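[1] Sharing a model that was predicted from the sequence below.
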Amino acid sequence: MYVANSYEMNLRLGWLSFMNSQSEQSISYYRKAIVVMPAATEPRWALINVYTVLENWVEVEKLYLSILKLDPKNELVHYKLGLIYYYRADYLTAKKYFDVSLNMSPFGYDNMLMSAWTSYFLGNKNDASVLFNKVLLYLPNDSSALQGLDLIK
């Protein structure tokens, strides 16, 4: 028997609907779970999966921002938002989010590499060079970092 105010039931039905390619139904259940437990990030992450499959990046962005309101220091969310803005070529906004993720994980490969490319596209070639070289400390012969350094020369 379905219980509308059951967080667990709505979350599980959201997952089962998602696994059966019933996106709209999945979204509905996950949204109900958010109403039942508004401080939970779990159904928001689940909704991100649904909207990613649907390639609805505006909703994905909104969900990441809603997670940040609940968990302002979430490194992964900052990184993912940085990616969204980077691929929109909004490098100033991307930098804002990448800076947080890089400060939280200064030797994280993805953080360093995307921060390097963002710095490059913002014209901060010195910062980009430093970061590309750090990427090479992490992963010698990384093709993306080497490409970035070649462009800076």
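    That came through, no problem.
[2] can you tell me how far the nearest residue in space to Asn5 that is not next to it in sequence sits from Lys134?
    In this structure, Asn5 finds its nearest non-sequential neighbour in Val36, 5.6 Å apart by CB to CB, 6 or more residues apart in numbering. (C-beta placed from N, C-alpha, C; glycine too.) Distance, Val36 to Lys134, by CB to CB, to the nearest Å: 44 Å.
[3] Mind pulling up the pLDDT for the closest residue to Thr41 other than its chain neighbours?
    In space, and not counting its chain neighbours, Thr41 is closest to Ile67: 5.2 Å by CB to CB, 6+ apart. What the model reports as pLDDT for Ile67 is 98.
[4] so which helix or strand takes in Ile67?
    helix 57-70 (DSSP states H and E).
[5] moving C-terminal of that helix, what's the next helix or strand?
    For helix 57-70, the following helix or strand on the C-terminal side (DSSP H and E) is helix 75-87.
[6] Next, the angle from the helix or strand that that following helix is followed by to helix 57-70.
    Moving toward the C-terminus from helix 75-87, the first helix or strand encountered (DSSP H and E) is helix 91-104. For helix 91-104 against helix 57-70, the angle by axes from the mean of the first three to the mean of the last three CA atoms, to 10 degrees is 40 degrees.
[7] Counting by contacts, list what helix 91-104 packs against.
    Applying 3 or more CB pairs under 8 Å, 6 or more residues apart in numbering; DSSP states H and E, one finds that helix 91-104 contacts helix 75-87, helix 109-121.
[8] Pull out the buried positions in the helix holding Ile67.
    If you call a residue buried by 16 or more other CB atoms under 10 Å, then helix 57-70 has these buried ones: Glu59, Val60, Glu61, Leu63, Tyr64, Ser66, Ile67, Leu68.
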